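Asks: Got a sequence here, can you build the structure:
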Amino acid sequence: QQTPLQKRLFHSPQELNHGLLAMCKCMEKAMKRPCVIRMVTLCVLTVSDLDFFFSILFLVNLTHHFHDQVYYTCGPFVIGAGILTYLTGIIIFGPRQKAKVMGKVMKLMQTNPREFQSDLYREKSPDEYITAQEAAQQGQRLPKVALTLESPVHPSNPRGRPQFRKIGQLDKSNKDHRELFRKGLSAWGLGYMWEAADLQNSWNCTSPVHGLPMVRLARFGFMVQPSPVDLGGLLNANALYSFATGGFQLFLGCMLLNDYGYTLETMIPLVVSSVALVLCLANVIWDFAALLMKMDAEQRLAEAIILKNDAAKAREHDGYRQDMETKTEAIKQKYPRTGQMSPAQELALDDEMRGVNDQFSDRVHRMNERYGDLLEREMNAWRENLERERRLMRDGRVPTDSNDRTNHNTEAINNRDAVEKQEAQINAAFRNALSELNPANMSAEEFAAKMEQIKNDRDAKLKAFDDMRTALLA
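Replies: As a prediction, the model looks like this:
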């Protein structure tokens, strides 16, 4: 029998899962605050550098017990090998990881071609593309452009121009080519594919400036808000060092405590290594690196959308202002010059001018709301596409909710079957009424009247049926 306290502590797996999801959402919201990013950055910088230098203190402490036990003899060599592994990772392999995003996107382009159909462009002829808006204005129903390795990098660079370059001709190891490919996907309206691959790859990216002790502190310690990419690199470097040296260092520290008691030379490195390991595990559990890369991608997308909207808003705002000035000048022409108006005329002029200003303010307010809604819709659509492509790269396919999604073809077939069934019932009733007539027991006038009644009844039903058929099959 469980006590009330136990009932509160033991939850079902579903409740535990919901709790973890809620915790992740809270963590995502918290990480978007600049103060939280700065606090996490300073914490990671401090703990990581202390962990590195106290590892050296720990090595010195191990040399004092070099011949006591075999693990104390091997300890300095193992930790030294771990530090060498760490330096190799941040200097050589970490920077190379960034080049793998382009290869992942190109592989997806070959294995999932349907995911690379551009909604912004239509293919007019081989290597000739027009925007979807232009195709609609011209009344042309053209297929979407399906990007392949043979497609141009950018839609504005068709074949024949000197700057033409196929996607398959790009060099994955060339930084400029990777940037060109990323911008080209954005121009095709498929930038979220790159962001999804970059988000998945962010687990494994770091660089020397993120991993070299004191160098990273000098580079990022003074920043009010480091970029999400830099914070992700710092967290990954800390994780690499914890895995390379932290585990064996914690084991040797516990053995020193057991054999020689609590000493300052043993406790300080042990505590710092433990804190660094906790940061590393938190990075893995809550996926800070991917979250930070998502934030960085959202910032870039929002800046691009805002820049585009600002240009359109400026043109619209200028039109509103010009209209206001035209109306203001027309109102002024209706009244005498200043100093020659009566008090009633001045009040009337002031009311009309205020009405024009209010109309201008209301227009600007509605314009800002409209573009704000547009930004929100575009960001939500980008997040949905990003999540879809992340599942595609993780699972190799995107599940379709066929049971919840309306199938318009099936709907049309069901409507047609219902219409045909109703029509058959009307005709069957007409035939039954005719078969029930007995001309032998009726006069010619009665028979003609009954026939006319049956025919009129059928025609009335068919007319109502035609209205129903128009509603269902229109």
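Asks: so where is this protein shaky, pLDDT-wise?
Replies: 1-34, 157-164, 202-203, 289-290, 293, 389-390, 392-412, 471-474 (pLDDT under 70).
Asks: Look through it and tell me its longest strand.
Replies: strand 117-125 (DSSP state E).
Asks: packing partners for it?
Replies: strand 128-131, helix 132-137, strand 144-146, helix 175-188 (3 or more CB pairs under 8 Å, 6 or more residues apart in numbering; DSSP states H and E). Quick note: C-beta positions are derived from backbone N, CA and C, even for glycine.
Asks: quick one: contacts of the second one?
Replies: Counting contacts by CB atoms under 8 Å, 6 or more residues apart in numbering, the residues outside helix 132-137 that touch it are Asp119, Leu120, Tyr121, Arg122, Lys124, Arg141, Leu142.
Asks: How about the shortest one?
Replies: Applying CB under 8 Å, 6+ apart, the set of residues contacting strand 144-146 from outside is 113-114, 116-119, 121-123, 129, 151, 155, 188.
Asks: switch to 6 Å and redo it
Replies: Residues from elsewhere that reach strand 144-146 (CB atoms under 6 Å, 6 or more residues apart in numbering): Pro113, Gln117, Ser118, Tyr121, Glu123, Tyr129.
Asks: Quickly run through the sheet partners of it, with directions.
Replies: strand 117-125 (antiparallel) (DSSP bridges).
Asks: returning to that earlier point: as TSV, the helices and strands packed on strand 117-125 with distance to His65 and mean neighbour count would be great.
Replies: Rendered in TSV, the data for these read as follows (distance: least, CB to CB, whole Å; neighbours: other CB atoms under 10 Å):
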stretch	distance to His65	mean neighbour count
strand 128-131	72	16
helix 132-137	73	14
strand 144-146	67	18
helix 175-188	48	18
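Asks: can I get the ones you listed in TSV with distance to Leu437?
Replies: Putting those into TSV (distance: least, CB to CB, whole Å) gives the following:
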stretch	distance to Leu437
strand 128-131	67
helix 132-137	59
strand 144-146	62
helix 175-188	71
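Asks: one step back: looking at the contacts of helix 132-137, which is nearest Ala314?
Replies: Nearest to Ala314, judged by CB to CB, of the contacts of helix 132-137 is Leu120 at 23.2 Å.
Asks: Geometric centre of the protein: which residue is closest?
Replies: The centroid of the chain falls nearest to Arg383 when counting by CA atoms, centre = their mean (2.3 Å).
Asks: which ones are touching that one?
Replies: Counting by CB under 6 Å, 6+ apart, there are no residues that Arg383 touches.
Asks: quick one: it from Arg377, how far?
Replies: Arg383 is 11 Å from Arg377, where distance means CB to CB, to the nearest Å.
Asks: Thr245 too?
Replies: 48 Å.
Asks: wait, which of the helices and strands packed on strand 117-125 is closest to Lys100?
Replies: Closest among the helices and strands packed on strand 117-125, using CB to CB: helix 175-188, at 10.1 Å.
Asks: how far does that closest one sit from the chain's center?
Replies: Relative to the chain's own centre, helix 175-188 is displaced by 18 Å; criterion: CA atoms, centre = their mean, to the nearest Å.
Asks: more crowded one of Thr245 and Arg377?
Replies: Thr245 (24 against 10; other CB atoms under 10 Å).
Asks: and the nearest residue to that one once chain neighbours are set aside, how many neighbours?
Replies: With sequence-adjacent residues excluded and distances taken as CB to CB, 6 or more residues apart in numbering, Thr245 is closest to Gly82, at 3.6 Å. Other residues lying near Gly82 total 21 when counted by other CB under 10 Å.
Asks: repeat for Ala314
Replies: Neighbour number of Ala314 under other CB under 10 Å is 10.
Asks: The helix or strand harbouring it to helix 175-188, inter-axis angle?
Replies: Assigned by DSSP states H and E, Ala314 falls within helix 288-333. Computed by axes from the mean of the first three to the mean of the last three CA atoms, to 10 degrees, the angle separating helix 288-333 from helix 175-188 equals 50 degrees.
Asks: Tell me which other helices or strands helix 288-333 touches.
Replies: Packing partners of helix 288-333 (3 or more CB pairs under 6 Å, 6 or more residues apart in numbering; DSSP states H and E): helix 191-201, helix 228-241, helix 343-395.
Asks: How far does the longest one sit from its chain's centre?
Replies: Yep, that's helix 343-395 we're talking about. With CA atoms, centre = their mean, you get 22 Å for helix 343-395.
Asks: Ser48 and Cys74: what is the separation?
Replies: 25 Å.
Asks: More neighbours: those two, which one.
Replies: More crowded of Ser48 and Cys74, by other CB under 10 Å: Ser48, with 25 against 14.
Asks: Kindly state the neighbouring-residue count (a burial measure) for the spatially closest residue to the more buried one that is not a sequence neighbour.
Replies: Distances taken as CB to CB, 6+ apart put Asn238 closest to Ser48, at 4.7 Å, once the chain neighbours are dropped. When neighbours are defined as other CB under 10 Å, Asn238 has 28 of them.
Asks: Asn238: what's it in contact with?
Replies: Counting by CB under 6 Å, 6+ apart, Asn238 has contacts Val44, Ser48, Leu279.
Asks: Nice, that's everything, thank you.
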